[in-house]
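A.B. asks: what follows is a predicted structure for the sequence shown.
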Amino acid sequence: MNTLRPLSAAILAAAVTTPTLANDDIETIYINPFAGYQYFDDKRDLDEEATYGFGLEYRFLPQWAVEAVYSTANPDIKGSSGDVDFDEVRVDGLYYFGSQSEKVNPYLAAGVGHADFDGGTTTTPGTEHDETRVNLGGGVRYNVTDLVSLRADLRALHGIDESTFDAQASLGLSLAFSRNTSEPEPPAPAPAPAPEPDSDGDGVPNNRDQCPGTVAGASVDRNGCELDSDGDGVVDRLDDCPGTRAGAEVGERGCELVTLETITLYITFPLNSAEIGNQYDDDIREIADALKADPDVTTEIAGHTDSTGAAEYNQDLSQRRAEAVADRLIQLYDIDSDRVTPVGYGESDPVATNETDEGRAQNRRVEARIQVRR
């Protein structure tokens, strides 16, 4: 009984603590012929003897199996010329520490069976009888292929009737017959085509978007461009005057502008300077008179340069010079600043070639565009 207790504890611990591997949904039947040695308790007065047998094992889960085993031996009786015919049939439960797909499969086993000792003489009591035996043990299965495996097994066997303790060690060759019981997986659906990239998120893919970089949330047409319902060049999102008549000139908010005239001032500034003297006051007065004559008139003071120097520098210079003329118009003639807008255009709008001194001189100009305010 001292041998049974630790083996029982080992099986219980393995069943509780060993994690169950992924269910392979495979059932396997093993045919397990084996050969080994049977070691008998001293009470039996039998020599250890070779034993032979076979098992039929059903592995119904990846880690659990049940096996029916038949074994036989012909041990000699100690101190006698006689022998005993030994036969046993038993049923075992096996717990594997892995699945069928793993190369090495250690296991624990326990079972119960019926043993028959037939033979002997009256001078060798206890050698002829039958009894119930329980067993505990374990072993290892080594999968050579999916069909063939080797199995080594060691058992401790307890004869309940005579309170005997025997042992058996065996080595066998197994044939496996398996079937997969899992439901076939449905075919994977065809992957959906990847959506065309739409970098600005306007709903029109890049390969059709004629206006990339649209402002988030803006309404766009089928080409990805913001809507301009009245066709005035100002998108609906910024158009304060929807429904402008076709061909009308509009401002940056989409409202129609009526240009009365453009006055060009050829004002000379000192080098790298935006300061203006009083020699141009008569020209500036012409602009002031037009503004005073009609309260609905506004003006844009547009500064221009030639192409000499860096474009960024020319842009800044043209803005400063436009502001200088606008400030003189406002301060000298008491014009409301809301009616005067200075804008620097740099070198972007030449009226003559920049290849000659004469052409460059014409491009260095300030223009006053007088318009009706809407």
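C.D. replies: Arrived safely.

A.B. asks: residue contacts, Q210?
C.D. replies: With contact set as Cβ atoms under 8 Å, 6 or more residues apart in numbering, Q210 has these partners: N223, G224, C225. C-beta coordinates here come from the backbone N, C-alpha and C atoms, glycine included.

A.B. asks: nearest spatial neighbour of the last one, chain-adjacent residues omitted?
C.D. replies: When you say that, I think you mean C225. C211 (3.8 Å; Cβ to Cβ, 6 or more residues apart in numbering).

A.B. asks: surely the one you found meets D228?
C.D. replies: No - contact criterion Cβ atoms under 8 Å: C211 and D228 do not qualify, at 10.9 Å.

A.B. asks: before we move on, the earlier item: could I get the contacts of Q210 as a markdown table with pLDDT and neighbour count?
C.D. replies: Written out in a markdown table, the entries for those read as follows (pLDDT from 0 to 100; neighbours: other Cβ atoms under 10 Å):
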| residue | pLDDT | neighbour count |
| --- | --- | --- |
| N223 | 81 | 10 |
| G224 | 80 | 20 |
| C225 | 86 | 17 |
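
A.B. asks: ok, of these, which one's closest to A194?
C.D. replies: Set against A194, the nearest of those by Cβ to Cβ is G224 (19.3 Å).

A.B. asks: which SS class is that closest one?
C.D. replies: coil (DSSP: H, G, I helix; E, B strand; the rest coil).

A.B. asks: against D166, how distant is it?
C.D. replies: Separation of G224 from D166 (Cβ to Cβ, to the nearest Å): 88 Å.

A.B. asks: next one: A361
C.D. replies: On the measure of Cβ to Cβ, A361 and D166 end up 124 Å apart.

A.B. asks: and V144, by the same measure?
C.D. replies: 30 Å.

A.B. asks: give me the neighbour count for the residue nearest to C225.
C.D. replies: When neighbours are counted by other Cβ atoms under 10 Å, C211 registers 16.

A.B. asks: P191 too?
C.D. replies: Neighbours of P191 under the rule other Cβ under 10 Å: 6.

A.B. asks: got it, and A35?
C.D. replies: A35 is flanked by 13 other residues according to other Cβ under 10 Å.

A.B. asks: also the one 4 residues further on?
C.D. replies: Neighbours of Y39 under the rule other Cβ under 10 Å: 18.

A.B. asks: check R360 too.
C.D. replies: R360 has 18 neighbouring residues, counting by other Cβ under 10 Å.

A.B. asks: got a list of contacts for stretch 183-195?
C.D. replies: With contacts defined as Cβ under 8 Å, 6+ apart, stretch 183-195 is touched by P205.

A.B. asks: dump it to PDB, keeping only the CA atoms.
C.D. replies: Coordinates of each C-alpha in stretch 183-195 appear next as PDB, following Å, rounded to 0.1, in the frame of the first residue of the first chain:
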ATOM      1  CA  GLU A 183     -16.000  19.800 -38.400                       C
ATOM      2  CA  PRO A 184     -14.300  21.000 -41.600                       C
ATOM      3  CA  GLU A 185     -13.700  24.700 -41.500                       C
ATOM      4  CA  PRO A 186     -15.800  26.700 -44.000                       C
ATOM      5  CA  PRO A 187     -13.800  28.300 -46.800                       C
ATOM      6  CA  ALA A 188     -12.600  31.700 -45.900                       C
ATOM      7  CA  PRO A 189     -14.500  34.500 -47.600                       C
ATOM      8  CA  ALA A 190     -12.800  36.200 -50.400                       C
ATOM      9  CA  PRO A 191     -11.000  39.300 -49.100                       C
ATOM     10  CA  ALA A 192     -12.800  42.500 -49.800                       C
ATOM     11  CA  PRO A 193     -10.900  44.700 -52.300                       C
ATOM     12  CA  ALA A 194      -8.700  47.200 -50.500                       C
ATOM     13  CA  PRO A 195     -10.300  50.700 -50.700                       C
END
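
A.B. asks: and that stretch, which residues are buried?
C.D. replies: Within stretch 183-195, not a single residue qualifies as buried, counting by 16 or more other Cβ atoms under 10 Å.

A.B. asks: what average pLDDT does it get?
C.D. replies: In this model, stretch 183-195 has a mean pLDDT of 82.

A.B. asks: and stretch 82-91, by the same measure?
C.D. replies: On average, the pLDDT along stretch 82-91 is 92.

A.B. asks: with stretch 326-333 instead?
C.D. replies: Here the average pLDDT along stretch 326-333 is 92.

A.B. asks: also stretch 282-298?
C.D. replies: Mean predicted confidence for stretch 282-298 is 87.

A.B. asks: buried ones in that stretch?
C.D. replies: Of the residues in stretch 282-298, those buried (16+ other Cβ under 10 Å) are D283, I284, I287, A288, A290, L291, V297, T298.
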